[in-house]
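>>> Here's a sequence, model it:
(one chain, ligands or ions: 1)
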Amino acid sequence: MAVLDAVELYRFFHIGDDETAALRGVSLSLDAGETVALVGPSGSGKSTLINCLTGLDEPDGGWVSINKERLTRRSETVRARLRARTFGIMLQSGNLFQHLTIEDNIMFQMQIAGKTDAKRVLSLLEAVGISHRGKSYPPTLSGGEIARAGLATVVAADPPILIADEPTAEVDAQTEELLFELFEHRKRTGLTTLLSTHSNALALHADRIIHIRDGRILDA
Ligand code: ADP
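This next block holds a predicted model:
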């Protein structure tokens, strides 16, 4: 069953007289429990598509729906509510609030989704190997620790759809392994994951690969 549908998405950007057609009629569906890789070279439209799928940006044409409820062209309040209930969004950086400890970052994410569980915070920290860093603030962590803390934060509330933008771009081999385990675990528990990547190695972990080029899906 589809948990997300995107139909004929168009997105144009204008700089002076120049127009970039970042999305040119993109349609796709994500089913419950599948891991899908969105593969395309830099500039092909992956980030623009992710922003439109999650309601962070509005497409100029087409629409997105979550469990048959339309996300596109709704008020920011409605989009924010749908986003909080549906998505975990993992960006290449900026996944943590700098003024909150790692534990509080994880807890906050759970609170937004209406799921508070202090025990889970500790088990997540353990799972990503940074139990000793729970009370630390992000600026005091190493790059690898930040990646692990971001990972724990984004999966804390078991979001029905996890969207990860180039998740292995900045991480060490061990964290990459953790990521793969986590995606496998989500698959087993019926949760959906969409990974954007230009790495074919990462795409091999997916059930399905969607290729994007010049704002068009080649093989949906
Ligand atoms: P990818 O994530 O695959 O690298 P993007 O979605 O970032 O691709 O970009 C797709 C195209 O849209 C590129 O040509 C990029 O330069 C352009 N683009 C993206 N965002 C903007 C923006 N805010 N303003 C102008 N052009 C943009």
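
>>> Need the per-residue pLDDT for the closest residue to R85 other than its chain neighbours.
The shortest distance from R85 to any non-neighbouring residue, by C-beta to C-beta, 6 or more residues apart in numbering, is to A113 (6.7 Å). In short, each C-beta sits where N, CA and C put it, glycine included. Reading off the confidence values, A113 has pLDDT 80.

>>> Surely A113 and A84 touch.
Yes. Contact criterion C-beta atoms under 8 Å: A113 and A84 qualify, at 6.2 Å.

>>> Run through who's touching the top helix by length along the chain.
Longest helix of the chain, by residue count under DSSP state H: helix 173-188. For helix 173-188, the surrounding residues in contact (C-beta atoms under 8 Å, 6 or more residues apart in numbering) are 33-35, 127-129, 144, 147-148, 151, 155, 158, 162, 167-168, 171, 192-193, 195, 205, 207.

>>> Just list whatever residues bridge to the residue nearest the centre of the chain.
The centroid of the chain falls nearest to I163 when counting by C-alpha atoms, centre = their mean (1.9 Å). Per DSSP bridges, residues listed as beta-bridge partners of I163: I89, L194.

>>> Send me the worst-scoring helix or strand of the chain on mean pLDDT as PDB with only the CA atoms.
Lowest on mean pLDDT, DSSP states H and E among the helices and strands of the chain sits helix 200-203, with a mean of 76. What follows is helix 200-203, C-alpha atoms only, in PDB (Å, rounded to 0.1, in the frame of the first residue of the first chain):
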ATOM      1  CA  ASN A 200      25.600   2.800  -6.200                       C
ATOM      2  CA  ALA A 201      27.100   0.900  -3.200                       C
ATOM      3  CA  LEU A 202      24.500   2.500  -0.900                       C
ATOM      4  CA  ALA A 203      21.700   1.900  -3.500                       C
END
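
>>> so the residue lying closest to H198 once chain neighbours are set aside, which of the three states?
With sequence-adjacent residues excluded and distances taken as C-beta to C-beta, 6+ apart, H198 is closest to P41, at 5.9 Å. Put simply, P41 is coil when judged by DSSP: H, G, I helix; E, B strand; the rest coil.

>>> count of neighbours near L49?
Here the number of neighbours of L49 (other C-beta atoms under 10 Å) works out to 29.

>>> Helix or strand: which one has it?
For L49, the host element (DSSP states H and E) is helix 46-53.

>>> pLDDT on that helix, on average?
Helix 46-53 shows a mean pLDDT of 94.

>>> Other residues contacting it?
Counting contacts by C-beta under 8 Å, 6+ apart, the residues outside helix 46-53 that touch it are 4, 6, 9, 11, 22-23, 26, 38, 40, 56-59, 64, 72, 89, 163, 165, 194, 196, 212, 215.
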